[in-house]
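**Student:** Okay, here's the prediction I keep looking at, along with the sequence it came from:
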Amino acid sequence: MEIKYWSDIACPFCYIGSNNMKKALKDLDLQDKVPLKFLSYQLDPNAPTTAPKSSDNSTLTPRMKQIEDFAHQNGLEMNLAKVIHVNSMDAHRLIKLAYTKNDETANKLINELYRLYFVAGKSIADHEVLKNAGIKAGLVASEIDDVLNTDKFEKEVNQDEMAAAQLGVQGVPFFVINNKYAINGAQPYDVLVNALKKIEASEDDQNGEE
């Protein structure tokens, strides 16, 4: 089994949905057997590349409070009052660099970027923030600089987004399992566990018939 999913670091439902998928895979003892590949999808490609001088999100809307509560129910810390809305292209490009190393490095970086955005209230468009996150995940400083100071991996990010468009993806997270089963949105943990069990059983049956 293999899973790829389109996601954006600046998407709260991606943060929740990917965490639930990772937890489901771990609890089904599939974590080390099933590759989980992050594909880029920018919800707001026109978002500013620099953080505003001041931002006041201290008053959460009912919708924001609902999203926070959903995250907390799924065991995640989230502080939307701290979120700085910025462009995520450079974060996506850095994730591409991490994947040239190995999945573990990429996953460490993805988790750190989500934490920085949704918990710590950092700008994920800030190159110093991104560089520190990359180093923490195990990347080399000079290679990070080479990416952030150029347009390296921008083509690959755009290719991910074009592939999503061809599939008709209109929202993320969007999971595709074995290139034929789709799961859309931040589904609850139990829903993902049941779906993975059914797909695994179905694939085993098909393989047995061949």
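**Tutor:** On my side now, so go ahead.
**Student:** Low-confidence regions, the chain specifically.
**Tutor:** For the chain, applying pLDDT under 70 flags the ranges 54-58, 207-210.
**Student:** Do a quick rundown of the strands in it.
**Tutor:** 3-7, 36-40, 174-177, 181-184 (DSSP state E).
**Student:** In JSON lines, list the ones you listed along with mean neighbour count.
**Tutor:** Every residue, glycine included, has its C-beta placed from N, CA and C. Putting these into JSON lines (neighbours: other Cβ atoms under 10 Å) gives the following:
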{"stretch": "strand 3-7", "mean neighbour count": "21"}
{"stretch": "strand 36-40", "mean neighbour count": "21"}
{"stretch": "strand 174-177", "mean neighbour count": "21"}
{"stretch": "strand 181-184", "mean neighbour count": "15"}
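**Student:** With distance to Ile95 as new columns, can these be given to me in TSV?
**Tutor:** What follows is the strands of the chain, written out as TSV (distance: least, Cβ to Cβ, whole Å):
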stretch	distance to Ile95
strand 3-7	10
strand 36-40	6
strand 174-177	16
strand 181-184	21
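**Student:** So which of the ones you listed is nearest Leu60?
**Tutor:** strand 3-7 (23.2 Å; Cβ to Cβ).
**Student:** strands paired with the closest one, and their directions?
**Tutor:** Here strand 3-7 is paired, per DSSP bridges, with strand 36-40 (parallel), strand 174-177 (antiparallel).
**Student:** Need the contact partners of it.
**Tutor:** Residues from elsewhere that reach strand 3-7 (Cβ atoms under 8 Å, 6 or more residues apart in numbering): 14, 17-18, 21, 25, 34-41, 160, 164, 169, 172-177.
**Student:** Distance from stretch 187-201 to the middle of the chain?
**Tutor:** 19 Å (Cα atoms, centre = their mean, to the nearest Å).
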